[in-house]
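**Q** Sharing a model that was predicted from the sequence below.
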Amino acid sequence: MLTLINTNTMQPAIAPVGLDYIAGAAKRAGIEVEVVDLCLAKDPAATLRDYFANHNPNLVGLSFRNVDDCFWPSCQWFVPRLAETIKSIRSLTKAPIVVGGVGFSIFANNIVEHTGADFGVCGDGEQAMVSLLNELQSKKKFEKIPGLVWRKNGTIRNNPPAWQTNQTLSLATSRDAIDNVTYFERGGQCGIETKRGCSRNCIYCADRLSKGTTNRTRNPAEVADEAESLLAQGIDVLHICDSEFNIPGEHAKAICEEFIRRGLGNRLRWYTYMAVVPFDAALAGAMRKAGYVGIDFTGDSACPAMLKTYRQPHTAQDLASAVRLCRENGITVMIDLLLGGPGETPQTAKQTIDFIKQINPDCAGAPLGVRIYPGTEMVNVVSAEGDIETNPNIRRKYTGPVDLFRPTFYISHLLGERPARLIKDLIAGDKRFFEPIDEVDAVSTDHNYNDNTELVQAIAAGARGAYWHILHKLRSC
Ligand code: B12
């Protein structure tokens, strides 16, 4: 038997979609699976104790979604809590412990070392978990298990992740292994994937590490079947969990066409992240008909130099066009910025903020600071700037040497001593913006969803949708 455990207890509650897919794959392979969900448990420690007092699984799989909350200045790091959970599970069962998840995949070896887990899986978990369970019960040939992190003679070995082995993706559609209904009640939305991977080269993004660089698309009919499974459970607000829904654009259109064909546009409301390009009138119109009500664009900046630095292919005019197309089609639009990256100055930040005000999206995220992930181009940028220990652009809240495993951010020193204050002054109280938290007055008008009481209460009172949309409505009242 396989036991899957969700370790992400952050509120509002986000369903461990990955565990639903893994459980579906395990069931297809004839494996008995159970999910222990610490997010929905009143007392996680007691839940684990009670569970293992009555169950004796062959393998325990832990999902680790967020390594940290990726938000300066909060900088909350979740690895110590994971290590405690693993220690506690060790004392309750002799079953081997494997960890996986999107956050895990970014720091796989560090996490295996730090927590003492027996195994890890970098990338997709479906095939890997089935193979691992089979190998543990037979010849223990771990070399071929996709993405497996394991130990041989005391050293950690890394197998190539699963995403390199196939181009198309097929997932279980039943969505019945986790309590999606409770997640919908407490989280206001549920997630679904139409593809995995991202072929873009944004210098800061870790999705290349956890999802691969090839777009592996799902058959639109399969995605629509899954949406119908969720709809049958009463879940009618969905968030696409792709890195960017519109890459590739043709697949996004095909998904919309299938939703339209099945009449899902009238029964479901969709939210998604999107790249600014490709996006045209045909896709915007199809998305509206397919039930899309909100798009959060990866805008990053409206300053050409910063867009080039981040390696974004869009221009400021593309941003303007994206906002216009959303408006014309009645889709609520958010532009997510990334302020403070390499070379950001008060002038480039002003250029971006002024332009966003002018093109008038419903809202704009203006977080400050770029999380530096090992294995991304940001590391090369920082290395080229000289000694990281004395680099004035590096911001962190821990002491000792710089350790990218812990929340470590880049904020251009050219923004001065109080960069958040500077950004807030540029925003000048414009309610469309989610602002960074000021270094001194610490008033929170940001959009950190980590233990966000405002959101939890709004969802309990019936709010549904993407969090930026719920917060926007609350703050503009
Ligand atoms: C969609 C999304 C959101 C949506 C979620 C909507 C929803 N209803 O699901 C919203 C906007 C709410 C959101 C919020 C946040 N997010 Co988010 N999100 C994503 C995104 C794009 C997809 C995540 C997802 O669900 N993928 C689909 C599932 C199926 O994939 P998966 O979880 O990876 O699972 C697979 C594998 O990882 C593996 N696996 C998973 N579990 C297990 C367990 C075992 C045992 C094994 C073997 C394998 C395994 O197998 C699974 C199937 O193949 C990712 C980036 C990305 N492209 O992955 C960021 C991402 C996960 N988010 C991130 C962050 C930081 C957050 C926030 C903390 C931001 C904030 N401060 O507010 C919050 C946290 C919310 C919460 N309660 O957890 C970061 C985490 C990075 C980090 N430092 O740890 C990511 C990676 C983005 C990034 N690059 O910075 N997010």
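**A** Here it is on my side, so go on.

**Q** Can you find the helix or strand of the chain with the lowest average pLDDT?
**A** strand 168-169 (a mean of 88; mean pLDDT, DSSP states H and E).

**Q** Pull out the buried positions in the helix or strand that that strand is followed by.
**A** Downstream of strand 168-169, the next assigned helix or strand under DSSP states H and E is helix 180-187. Residues of helix 180-187 classed as buried: Asn180, Tyr183, Phe184, Glu185, Arg186, Gly187 (neighbour count, 16 or more other C-beta atoms under 10 Å). No exception for glycine: its C-beta is placed from N, CA and C like everyone else's.

**Q** secondary structure element for Phe409?
**A** strand 408-410.

**Q** what does the helix or strand following that strand contact?
**A** Using DSSP H and E, the next helix or strand after strand 408-410 towards the C-terminus is helix 419-427. If you take C-beta atoms under 8 Å, 6 or more residues apart in numbering as the criterion, helix 419-427 is touched by 73, 339-340, 346, 349-350, 353-354, 366, 368, 411-412, 415-416, 433, 435-440.

**Q** cool, stretch 373-384 as well?
**A** Taking contacts as C-beta under 8 Å, 6+ apart, the residues outside stretch 373-384 that touch it are 106-107, 201, 203-206, 208-209, 311, 342, 370, 372, 388, 391, 393-394, 404-405, 410.

**Q** ok, now which ones touch the residue in the stretch 51-200 of the chain positioned nearest to the ligand?
**A** Nearest residue of the stretch 51-200 of the chain to the ligand: Gly100, at 2.2 Å (C-beta to the nearest ligand atom). Shown in contact with Gly100 (C-beta under 8 Å, 6+ apart): Gly18, Gly61, Leu62, Ser63, Phe64, Gly120, Val121, Cys122, Gly125, Ala128, Met129.

**Q** Show the pLDDT at it.
**A** Looking at Gly100, its pLDDT reads 98.

**Q** Same question for Pro161.
**A** In this model, Pro161 is scored at 87, pLDDT.

**Q** How about it, nearest residue that isn't a chain neighbour?
**A** Gly123 (3.2 Å; C-beta to C-beta, 6 or more residues apart in numbering).

**Q** what's the neighbour count on that neighbour?
**A** The local packing of Gly123 (other C-beta atoms under 10 Å) involves 27 other residues.

**Q** Over to Ser74?
**A** For Ser74, the count of nearby residues is 16 (other C-beta under 10 Å).

**Q** Surely it touches Tyr449?
**A** No: with contact defined as C-beta atoms under 8 Å, Ser74 does not count as touching Tyr449 (10.7 Å).

**Q** so which of the contacts of Gly100 are also by the ligand?
**A** Among those, proximity to the ligand is found for Gly18, Gly61, Leu62, Ser63, Val121, Gly125, Ala128, Met129 (C-beta under 6 Å from any ligand atom).

**Q** From these, pick the one nearest Ile295.
**A** Ile295 lies nearest to Gly18 out of the ones next to the ligand among the contacts of Gly100, by C-beta to C-beta, at 23.5 Å.

**Q** The closest one and Trp77, how far apart?
**A** Using C-beta to C-beta, to the nearest Å, Gly18 is found at 21 Å from Trp77.

**Q** returning to what we had before: which of the contacts of helix 419-427 are buried? Put it as a ChimeraX command.
**A** Selection of buried members from those for ChimeraX, criterion 16+ other C-beta under 10 Å:
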select :73,339,340,346,349,353,366,368,411,412,415,433,435,436,437,438
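
**Q** low pLDDT regions in the stretch 51-200 of the chain?
**A** 164-166 (pLDDT under 70).

**Q** Can you tell me the closest non-neighbouring residue to the residue of the stretch 301-450 of the chain found nearest the ligand?
**A** Relative to the ligand, the nearest point of the stretch 301-450 of the chain is Tyr449 (3.2 Å; C-beta to the nearest ligand atom). Excluding the flanking residues, the one nearest Tyr449 by C-beta to C-beta, 6+ apart is Tyr467, at 5.0 Å.

**Q** Please verify my assumption that Met306 contacts Thr345.
**A** No: if you go by C-beta under 8 Å, Met306 and Thr345 don't touch, sitting 9.4 Å apart.

**Q** okay, those two: which has more neighbours?
**A** A direct count of neighbours by other C-beta under 10 Å for Met306 and Thr345 places Met306 higher, at 25 against 15.

**Q** Look at the closest residue in space to that one that isn't next to it in sequence and give its secondary structure.
**A** For Met306, ignoring the flanking residues on the chain, the nearest one in space by C-beta to C-beta, 6+ apart is Thr348 at 5.4 Å. Secondary structure, DSSP: H, G, I helix; E, B strand; the rest coil: Thr348 is helix.

**Q** From Arg186, how far off is Ala463?
**A** As judged by C-beta to C-beta, Ala463 and Arg186 stand 12 Å apart.

**Q** quick check, whichever strand in the chain runs longest touching the ligand?
**A** Longest strand of the chain, by residue count under DSSP state E: strand 292-300. No: judged by C-beta under 6 Å from any ligand atom, strand 292-300 stays clear of the ligand, getting no closer than 7.7 Å.

**Q** quick one: contacts of that strand?
**A** Residues outside strand 292-300 that contact it (C-beta under 8 Å, 6+ apart): 202, 244, 256, 269-276, 287, 306-307, 310, 312, 314, 319, 322, 326, 331-338, 341, 356, 364-365, 465-466, 468-469.

**Q** For it, what does the pLDDT average out to?
**A** 98.

**Q** Note down every partner strand of it and its orientation.
**A** The pairing partners recorded for strand 292-300 under DSSP bridges are strand 269-274 (parallel), strand 332-337 (parallel).

**Q** Now do the first one: distance to the chain's middle.
**A** Okay, so that is strand 269-274. For strand 269-274, the separation from the chain centroid amounts to 13 Å (computed by C-alpha atoms, centre = their mean, to the nearest Å).

**Q** got it, and stretch 227-237?
**A** Relative to the centre of its chain, stretch 227-237 is centred 21 Å away, using C-alpha atoms, centre = their mean.

**Q** What parts of the stretch 351-477 of the chain come near the ligand?
**A** Taking C-beta under 6 Å from any ligand atom as the test, the list of the stretch 351-477 of the chain residues beside the ligand reads Asn448, Tyr449, Asn450, Tyr467.
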